[in-house]
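Asker: fold the stuff below for me.
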Amino acid sequence: MTGSTEDKRKAHYVITQRAVPMDESWDVIVVGGGPAGCAAAAAAAREGAKTLLIEATGMLGGMGTAGLVPWFCGYHDGEKIIARGIAEHVRLALYANMPFVRESRIDVPKNAPDSPAIDPELLKRIYDDLVLSAGARILFHTQLASVEMAGDATVDAILAANKHGLVAFKANVYIDATGDGDLAAWAGATVEKGDANGAMQPGTHCFMLTNIDEQRLAQRPSVHCYDPDSPIWKCVKDDKYPDIIDLHSCLRKIGPRTFGFNTGHVFDIDNTDPDNISRSLLHGRKMAGQYRDALAEYHPAFADCFLAATGSLIGIRETRRIVGDAYLTIEDYLAARSFPDEICRTAYGLDVHGSSKENAIRTTHKTIDELKETNRQITRNLKPGTSLGVPYRCLIPKGLNNVLVAGRCISTDRRVNGTVRIMACCLNTGEAAGIAAAMAASSAGDVRAVSPHKLRATLKAYGAYLPDPVNDPEPTA
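Answerer: Residues are numbered from 1 along each chain as shown. Here you go, the predicted model:
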């Protein structure tokens with residue numbers, strides 16, 4: 001039985017050999033029901049593969065639903081929508097059922113490409129309908145527990161834990177959409193994690209505030225830290241709110257008098273460590289309460305606001321990245337490269353948040369111009385109208401035959417991970433992984449036997465943005 005190689009506990013318990021129930025009726029099994037997993041399951045089932053989607057929580061959507069991230073990022077290249085196919089279906093479904101949202105954006109020109117706000121309850125239903133209508137089966141409250149190998153390169157089965165106890169599942173092809181690369185890592189894939197010293201980006205425990213005075217909020221001051229009169233500057237300096245220590249503050253209207261907040265940082269977080277993530281959730285909920293109180297004190301629009309919810313998941317920006325048959329680098333991003341086997345394109349900035357709590361505190365002493373310049377240097381946004389191709393080979397873990405990854409754990413360096421981890425791109429890599437898995441499932445499960453030309457043609461038929469490659473370099477192998 002293969003478990004996590006990161007488990008450093010000295011004591012071990014030897015599991016008694018016993019038989020567990022097994023379901024071996026699947027062509028494709030997707031583990032993880034976030035954006036990547038939903039798109040993967042829907043795409044695989046749409047191609048005729050018998051598909052099972054296993055999700056550890058009681059809902060689909062991951063960060064956009066359980067995590068309460070209040071809007072999608074990464075849909076456009078500054079000129080046009082490039083996250084299409086299933087991603088476009090999700091975007092349009094949100095807009096169709098949230099008519100008030102775009103009209104409330106005073107910072108977005110009416111003719112500009114935009115990324116939608118998220119009503120988490122609406123998004124849950126959108127994902128439910130997407131996956132079920134394609135013909136996939138969903139199994140909630142089922143947690144990946146172990147990966148069983150048939151030799152070094154092929155996953156034979158996975159073990160999951162739910163109310164039936166331990167249950168085995170077998171398929172021809174497995175898609176790791178866990179975000180943390182659990183399945184691939186436990187199967188023996190080579191992974192990277194954090195920076196050279198293992199430090200990872202902070203998380204954010206998103207929350208919702210309601211009963212906000214929208215007319216007053218539309219006036220100055222803005223809540224954003226680039227406004228010198230923002231209440232955030234007062235919050236970080238007030239000893240009454242000791243857990244508000246940095247200037248990160250984003251909010252978006254998600255309903256009448258209701259705003260979602262992607263605000264603040266939880267430092268020293270590791271989503272692959274159960275003890276760590278338990279402490280982080282406790283800390284994140286405490287922070288959310290302090291933000292409510294601080295905003296109520298320092299901004300009149302929030303005087304009577306109510307903390308409606310905190311995410312049941314913390315927003316995780318970084319854990320493992322698999323090392324795949326291709327490996328996207330910062331040089332690829334800055335050159336906006338294309339690849340003959342690319343399955344989507346991304347244009348979002350290099351969104352890598354600093355891992356140092358001390359540096360975050362020091363930023364509170366910078367000027368607005370200094371903050372803007374620091375952010376510009378870090379994100380290194382591409383020119384409008386340009387984007388980076390994501391090769392199919394970035395979805396294939398080196399050394400594994402019947403596993404694909406999708407979402408934020410695909411094969412890139414740490415900086416490029418800041419653009420591919422965004423939810424719109426996760427939908428795109430998920431759709432590609434699902435189609436490829438269905439193709440591979442019909443040919444002994446070998447994910448390298450999939451024709452990139454056929455994969456790209458199928459994605460294009462479903463509306464993907466895949467212009468012909470303008471250059472044919474090989475990404476780092």
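
Asker: for the helix ranked longest in the chain, packing partners?
Answerer: What stands out as the longest helix in the chain, according to DSSP state H, is helix 274-298. For helix 274-298, the packing partners by 3 or more Cβ pairs under 8 Å, 6 or more residues apart in numbering; DSSP states H and E come out as strand 207-210, helix 231-235, strand 258-263, strand 306-310. Yep, even glycine has a C-beta here, placed from its N, CA and C like the rest.

Asker: buried set for that helix?
Answerer: 277, 280-281, 283-284, 287-288, 290-296, 298 (16 or more other Cβ atoms under 10 Å).

Asker: ranges for the helices of the protein?
Answerer: Counting by DSSP H, the chain has helices at residues 35-46, 86-97, 120-134, 182-186, 214-217, 231-235, 274-298, 330-334, 357-362, 368-379, 417-420, 423-441, 452-461.

Asker: so, low pLDDT: which residues of this structure?
Answerer: For the chain, residues meeting the criterion pLDDT under 70 lie at 1-9, 100-114, 471-477.

Asker: repeat that for 90
Answerer: Scanning the chain for pLDDT under 90 picks out 1-12, 15-17, 78, 95-116, 151-152, 220, 225-228, 354-381, 443-444, 468-477.

Asker: please name the nearest non-neighbouring residue to A360.
Answerer: D246 (3.8 Å; Cβ to Cβ, 6 or more residues apart in numbering).

Asker: for V167, give its distance to P21.
Answerer: Counting by Cβ to Cβ, to the nearest Å, the gap from V167 to P21 is 5 Å.

Asker: more neighbours: which of these two?
Answerer: V167 (19 against 10; other Cβ atoms under 10 Å).

Asker: in the sheet, who's paired with that one?
Answerer: With DSSP bridges as the criterion, V167 is bridged to A160.

Asker: residues contacting it?
Answerer: Residues in contact with V167, defined by Cβ atoms under 8 Å, 6 or more residues apart in numbering, are V20, P21, M22, D23, T142, L159, A160, A161.

Asker: so R317 makes contact with G179?
Answerer: No - counting by Cβ atoms under 8 Å, G179 is not a contact partner of R317; they are 10.1 Å apart.

Asker: of those two, which one has the most company?
Answerer: Using other Cβ under 10 Å, the more surrounded residue of R317 and G179 is G179, with 26 against 22.

Asker: and that one, what does it touch?
Answerer: For G179, the contacting residues are G32, G34, A36, G62, N271, I316, T319, G407, R408, C409, by Cβ under 8 Å, 6+ apart.

Asker: among the residues you listed, which pair sits farthest apart?
Answerer: Based on Cβ to Cβ, the longest span within these runs between A36 and N271 and measures 15.3 Å.

Asker: of the two, which one has the most company?
Answerer: With neighbours defined as other Cβ under 10 Å, A36 and N271 compare such that A36 has more, 35 against 22.

Asker: ok, that one touching A406?
Answerer: Yes - counting by Cβ under 8 Å, A36 does reach A406; the two are 3.9 Å apart.

Asker: quick one: common contacting residues for these two?
Answerer: A177, C426, T429, G430, A433.

Asker: how many residues are close by the last one?
Answerer: If I follow you right, that is A433. Using other Cβ under 10 Å, A433 is surrounded by 34 other residues.

Asker: thank you kindly, that will do.
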